[in-house]
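1. Take a look and give me a structure for this.
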Amino acid sequence: QVQLRESGGGLVQSGDSLRLSCAASGFDFSEAPMGWFRQAPGKKREFVAVISWGGSSFFYSDSVKGRFIISRDNAKNEVYLQMNSLKSEDTAVYYCGTGSMPAMRAFGEYDYLGQGTQVTVSS
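-> Model (predicted):
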């Protein structure tokens with residue numbers, strides 16, 4: 001049974017940093033691309049970042065490029081999202097997911113998704 005559990009969300013001020021974590025179980029994590037998605041109130045869920053199974057390839061949405069960093073630790077079965085220079089428009093529920101890397105990046109599609117963690121950025 002695939003399980004993805006996000007943590008690390010919270011309330012921060014504009015310009016602050018936050019690091020999200022996602023603990024994975026129930027599948028071969030070291031062979032799986034991992035992604036982060038977010039959904040703001042009243043908006044569709046959108047792609048944020050994706051990383052290849054080995055961590056050598058990664059892509060970001062234009063809205064977070066240069067501010068967010070995705071990484072993973074295959075020994076711990078965890079994927080992370082370091083969020084810097086946070087803006088009010090980054091306020092959303094953040095989800096980690098797994099699936100096809102091209103599908104996650106191009107279409108925001110995933111096979112499995114966690115329950116999400118709330119990030120609120122006050123201006």
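2. Only C-alpha atoms from now on, for both contacts and neighbour counts.
-> Fine.
3. what residues are up against the most centrally placed residue in the chain?
-> For the chain, the residue nearest the mean C-alpha position is residue 36 (2.2 Å; Cα atoms, centre = their mean). Contacts for residue 36 were tallied using Cα atoms under 8 Å, 6 or more residues apart in numbering; they are 47, 48, 49, 50, 81, 94, 95, 96, 97.
4. Can you name the residues bridging to it?
-> According to DSSP bridges, the residues that bridge with residue 36 are residue 49, residue 96.
5. now, among the contacts of residue 36, which is nearest to residue 62?
-> The shortest distance between residue 62 and any of the contacts of residue 36, using Cα to Cα, involves residue 48 and amounts to 8.5 Å.
6. Give me the pLDDT value at the residue nearest to the centre of the chain.
-> With respect to pLDDT, residue 36 scores 98.
7. Equivalent analysis for residue 123, please.
-> Looking at residue 123 specifically, the model assigns a pLDDT of 88.
8. Number of residues surrounding the residue nearest to it when sequence neighbours are not counted?
-> In space, not counting the residues next to it along the chain, residue 123 is nearest to residue 14; the distance is 5.1 Å by Cα to Cα, 6 or more residues apart in numbering. Applying other Cα atoms under 10 Å, we find 17 other residues in the vicinity of residue 14.
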